[in-house]
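> what's the 3D shape of this:
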Amino acid sequence: MTNSRENWSARSGFIIAAIGSAVGLGNIWRFPYVAYENGGGAFLIPYLVAIFAAGLPLLFLDYAVGHKFRKAPPTAYKKLMNSEALGWWQVMVTLIIGIYYASVLSWAGSYIFYSIGQKWGEDTQGFFFNTYLQNGTGLEFGFVPTLFFGLVIVWAITMFILYGGVKKGVELSNKIFIPLLVILFTILVIQAVRLPGAVEGLNAFFTPNWEAMANYKVWLAAFGHIFFSLSIGFGIMLTYASYLKVKTNLTGSGVVVALANSSFEILAGIGIFAALGFMAFSAGVPVNEVVSGGIGLAFIAFPKIISSLGAGGDLFGFLFFSSLAVAGITSMVSILEVPIASFQDKLGWSRKKAVTIVAGGSAIVSTLIFSTKSAITFVDIIDYFANNIGIVLGGLLSIVLVTWFRRPLLAQLKDHINQYSSIKLGKGWDFLLTVVTPLSLLVALGLTLKAVVTEGYGGYAPEVLWPIAGAVLAVFIIGAIAFSCLKDKDSEEN
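Numbers count the residues shown, from 1 in each chain. Predicted coordinates:
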């Protein structure tokens, strides 16, 4: 068969798209909080170790598999080691993530407009939960029109980009959005560091707590964060690498992506903690009393900061929520690209058909679930299980099956990547992938499972937590088995 697979226009197109995938909402609202909670400035040491000991080795593995076989995860793993189900597990994870990620992205988009005139008033928490989300108790399925329309807009933009294909859709959108994100967030950081109290916030972020270095949980947090931050182990970078031209510097590209991602995270930390320092200064309390991460930071704490700025807060809010939306849309596109490419490879669908069925179907499910009064409950629980079990287990298996059970494959992949790379991989890469990365992921997964089984998650009642968690895990398992049993286009042609 001739390979008619789409390609990036150039290596630079791949790099900027990979950066667009890696730089998402988590870089802005997760990294600063994780760093602060795990030793402040001292966290940067295990963070850097994790990049080189786990992040880059696994990133190179994803690149090698995708580039060598020029297919999305299911077909690539089938060709590599007859493990198509592993690829479909990763596809199911990305589908689930895309379905709830759109919801958070729509919230950020809505808040761009709410920031103009600071429509949330003085009670930012009450506005977010009661007025905007109309959050209910337990599981409530009442329809919330505002959430519905926000989701429709997000999915329309996402599908428009995906219909454009690799070059005119994914690559072009990243070439527009990534520079825009850098400009928006740089202006935001400049504004933030000039605020009263910003220095105290930066001191809280960068001051090292060296005692934390002896705590194994800090190291696990660093390794876990890098795993999610670089979009590795769940099909995105593998799929993106499959669109590369044959002669491409793979390891050099990976280093550029990792450095760009880390640079943006540190920039985000500076901006976020400068703003939190101002919030603490305005309230007359220590910084540690106002620090928060995730949804609480974005939609409760930051609106408070914006309100404290008076009339100037409108611009600050516009910059912050626009940054969230732009970072989110580039990641959203990369997430959906995995299942779209997988069904194209498996069933021979055209790009248009794959986008219509995969993204269109996801959009319907997403709007049905996340236009309800339980939207934030679904987001929180699905996010936890998809990231801490779905991604980690899929990534762990992709490493272990190669390095522990089919050892000769590792040498083949290393030879392939070295053939096209400026930085050659040696025995150090073998050791990191065989020992350090899988063991760190295995420990993280074990601790997560132990905590969930013994303590539950997030204080949710069992009748709320387990139906949602069970449905998510069922989608992973059933989807992986069912789709791997389908006949692919090559079998039907033969």
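> Ile300: what's it in contact with?
For Ile300, the contact set (Cβ atoms under 8 Å, 6 or more residues apart in numbering) comprises Thr124, Gln125, Phe128, Ser292. (Each C-beta comes from the backbone N, C-alpha and C, glycine too.)
> Mind doing that once more with 6 Å?
The neighbours of Ile300, taking Cβ atoms under 6 Å, 6 or more residues apart in numbering as the test, are Thr124, Gln125, Phe128.
> For ChimeraX, write a command that selects the buried ones of these.
Filtering the contacts of Ile300 down to the buried ones (16 or more other Cβ atoms under 10 Å) takes a single ChimeraX command:
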select :124,128
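> Can I get the contacts of Ile300 in a markdown table including distance to Ser323 and pLDDT?
Shown next, in a markdown table, are the contacts of Ile300 (distance: Cβ to Cβ, whole Å; pLDDT from 0 to 100):
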| residue | distance to Ser323 | pLDDT |
| --- | --- | --- |
| Thr124 | 18 | 90 |
| Gln125 | 22 | 89 |
| Phe128 | 18 | 94 |
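> Present the contacts of Ile300 as JSON lines; the columns should include secondary structure and distance to Glu37.
Shown next, in JSON lines, are these (DSSP: H, G, I helix; E, B strand; the rest coil; distance: Cβ to Cβ, whole Å):
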{"residue": "Thr124", "secondary structure": "helix", "distance to Glu37": "22"}
{"residue": "Gln125", "secondary structure": "helix", "distance to Glu37": "21"}
{"residue": "Phe128", "secondary structure": "helix", "distance to Glu37": "22"}
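> SS state for Leu139?
Following DSSP: H, G, I helix; E, B strand; the rest coil, Leu139 is assigned to coil.
> So what's the residue count around it?
By the measure other Cβ atoms under 10 Å, the count of residues near Leu139 is 16.
> Distance of the residue nearest to it when sequence neighbours are not counted relative to Ile187?
Using Cβ to Cβ, 6 or more residues apart in numbering and skipping residues adjacent in sequence, the residue nearest Leu139 is Ser374, 5.1 Å away. Ser374 sits 36 Å away from Ile187, going by Cβ to Cβ, to the nearest Å.
> and if you look at Lys247?
For Lys247, the distance to Ile187 - Cβ to Cβ - is 39 Å.
> again, but for Ile478
Counting by Cβ to Cβ, the gap from Ile478 to Ile187 is 47 Å.
> Neighbour count for these two, which is higher?
Taking neighbours as other Cβ under 10 Å, Ile478 and Ile187 compare with Ile187 leading, 15 against 11.
> Go ahead and confirm Ser362 touches Ile97.
No. The pair formed by Ser362 and Ile97 falls short of the contact definition of Cβ atoms under 6 Å, at 10.2 Å.
> on that earlier part again, burial measure for the residue nearest to Leu139, as a count.
Per other Cβ under 10 Å, the neighbour tally for Ser374 reads 23.
> pretty sure it is touching Gly142, no?
No. When contacts are counted by Cβ under 6 Å, Ser374 is not listed as touching Gly142 (8.6 Å).
> Flag every buried residue along the helix or strand harbouring Val257.
Taking DSSP states H and E as the definition, Val257 sits inside helix 250-283. Buried residues in helix 250-283, counted by 16+ other Cβ under 10 Å: 250-251, 253-258, 260-262, 264-282.
> Switch the contacts of Ile300 over to TSV; also include distance to Met332.
Listed next are the contacts of Ile300 as TSV, based on distance: Cβ to Cβ, whole Å:
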residue	distance to Met332
Thr124	25
Gln125	26
Phe128	21
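> right, and out of the contacts of Ile300, which lies closest to Ile16?
Comparing these against Ile16 with Cβ to Cβ places Phe128 closest, at 33.0 Å.
> I'd assumed Ala298 was in contact with the closest one.
No. Counting by Cβ under 6 Å, Phe128 does not reach Ala298; the two are 9.4 Å apart.
> Let me see the contact set for Ile236.
Contacts of Ile236 by Cβ under 6 Å, 6+ apart are Ser21, Ser334, Val338.
> now it: how far from Ser106?
For Ile236, the distance to Ser106 equals 21 Å [Cβ to Cβ].
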